[in-house]
Every structure is written in C-alpha cells, then in structure tokens.
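Colleague: with the input below, show me the fold.
(one chain, ligands or ions: 1)
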Amino acid sequence: MKKLLHVVASPRGGKSRTLQVARAFLERFRERHPDWLVDEINLFEEELPGMTARQVDGKYILLGNRELYGELREKWAEIEQQIARFKEADAYLISSPMWNFTIPYPLKQYIDILVQPSYLFRYVKGRAEGLLGGRRMIVISSSGGTYTAPDALPYDHVESYLRTLFGFVGITDLCFIKAESLDGVSKTREKDSVDAARERAREVAAESFG
Ligand SMILES: Cc1cc2nc3c(=O)[nH]c(=O)nc-3n(C[C@H](O)[C@H](O)[C@H](O)COP(=O)(O)O)c2cc1C
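Modeller: Predicted structure coming up:
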C-alpha cells in the first residue's frame, strides 16, 4: 500500500488556518486515493532527537564514508527511526505556516535530523546526489502577509528554502498551496484566502499521485 506522510508544523491544531487547508486536501485525497495510507507526524508533539555534539559527530563519520560504531550507533537509533518513517512514504504533505519569513523551528530541527549522508543523499565523484527521487511533495503554507509581489518575494524563505532543501535530496516535484494575507487585513480577506487555498488543495488532492 502506498503512503502519504503528513508533516504538521503548526502548533495551533483546530485554530490553524494552515491545517484547515490541509484538512480539505486530506478529505479529498482519501476519497480519490482510497488505496493510500496516510501517516501523520505532528512536529510540535513528537519528541524529536537533538542534533548535539555526539549526533553531529555521527554525521561527520558518515560524510567521511565510514560506519557509525559503539555508543554512536545507539545515539543514532532515534535519528534512524525518523529517517525510516520519512523514507517509507511515497509522497509528502507538509503543513507549515511562515514564521519570521521561514519555517517554524521544529520543522527545521526535523530537516536537520533527516538529511543525512548515505540515507537521503550521497556523494558521487564529489557531487551530491539525492536519494529520494520520484516522490511528490505538496506544501501547504500560510502567512500573515503576502509575498507574491516582486518586491516582497525575496522575504519568502519558506518556498525558496523547501524547494532548495528537498531538491537536494531528490524531491523536485513540489507543489505549493498558499493562504496569504491572513493577519491584519480583514476577516473577509482572511476567509477568501483560506477558501481559495482549500479549493486549490482539493484540486491538487484529486490529481494522480502515481
Ligand atoms: C512566531 C510567528 C512568526 C510569524 N512570522 C510571520 C512572518 O514572518 N511573516 C508573515 O507574513 N506572517 C508571520 N506570522 C503569521 C503567520 O504566518 C500566520 O498567522 C499563519 O497563518 C499562521 O498559521 P496557522 O494559523 O496555521 O498557525 C507569524 C506568526 C507567528 C506565530
């Protein structure tokens, strides 16, 4: 059975506008793809392992094409579990608000845990090669402001960062669904923006996921 992994990076549960859009996506996705399993990881509830000195030692050992050993193997068990769960998925849904022009910190921590040499990428003749090719990723993001105008676009480090990062590990088929202008404009603008994003999310969810 194929698997979609939903990565939740908003702490606001029922109040989250990002998750309202994600729920519209998932409702249609389940209808149209009954043969897919949906796994969900809530990064604000999950106890994510840290990347502190010993874990980082492991990363450099792997970068040097050596194997983890002894106590490091144990330190890395939780990291490997997170990587295995991520790699088991055939497609991804990331639900992330914009925080300070980029992603919330637990999503960055999750990425720092996942993106490891020999697991998500490797070097071939000195060039990095992503190991997760062929997988689709949908990113639902929301923000208080709007970043589509040319002068505002450079402030949006959500899309640019996630495209660069996941492209690096081989996931190049990314689709962004954004609900913008949600704060400080008007309730009508907020509702229209969320409704439009929910409609777009339903359309994307009905597409082929291979
Ligand atoms: C800590 C924090 C930082 C934020 N930083 C930004 C920002 O840089 N730009 C922006 O447009 N909105 C920012 N916002 C507003 C959120 O992106 C916006 O309210 C979003 O819709 C929240 O998503 P949620 O309803 O799913 O929690 C921030 C909100 C919080 C809580």
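
Colleague: CA atoms for contacts and neighbours, from now on please.
Modeller: Fine.

Colleague: which residues of this structure lie near the ligand?
Modeller: 10, 12, 16-19, 97-101, 142-145, 182-183 (C-alpha under 6 Å from any ligand atom).

Colleague: residue boundaries of the strands in this protein?
Modeller: In the chain, the strands defined using DSSP state E lie at 2-8, 36-42, 91-97, 121-124, 127-130, 136-142, 173-179.

Colleague: for the fifth one, C-alpha coordinates in CSV please.
Modeller: Output in CSV follows, covering the C-alpha atoms of strand 127-130 (Å, rounded to 0.1, in the frame of the first residue of the first chain):
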residue,chain,number,x,y,z
ARG,A,127,28.9,15.7,-6.4
ALA,A,128,25.9,15.4,-4.1
GLU,A,129,23.1,13.0,-5.3
GLY,A,130,19.6,13.0,-3.7
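
Colleague: partner strands of that strand, parallel or antiparallel?
Modeller: If you go by DSSP bridges, strand 127-130 pairs up with strand 121-124 (antiparallel).

Colleague: hmm, who's touching the strand it pairs with?
Modeller: Val115, Ala128, Glu129, Gly130, Leu131, Leu132, Phe168, Val169 (C-alpha atoms under 8 Å, 6 or more residues apart in numbering).

Colleague: give the contact list for the first one.
Modeller: Contacts for Val115 were tallied using C-alpha under 8 Å, 6+ apart; they are Phe121, Val169.

Colleague: again, but for the fourth one
Modeller: Residues in contact with Gly130, defined by C-alpha under 8 Å, 6+ apart, are Leu120, Phe121, Arg122, Gly167, Phe168, Val169, Gly170, Ile171.

Colleague: residue contacts, the fifth one?
Modeller: Think Phe168. Contacts for Phe168 (C-alpha under 8 Å, 6+ apart) come out as Phe121, Ala128, Glu129, Gly130.

Colleague: so Ile113 is in contact with Thr52, correct?
Modeller: No. Between Ile113 and Thr52 there is no contact under C-alpha atoms under 8 Å: 10.5 Å.

Colleague: tell me which helix or strand of the chain sits lowest on mean pLDDT?
Modeller: Every helix and strand of the chain was ranked by mean pLDDT, DSSP states H and E. The lowest is helix 70-75, at a mean of 88.

Colleague: show me which residues of that one are buried.
Modeller: By neighbour count with 16 or more other C-alpha atoms under 10 Å, helix 70-75 contains the buried residues Leu72, Lys75.
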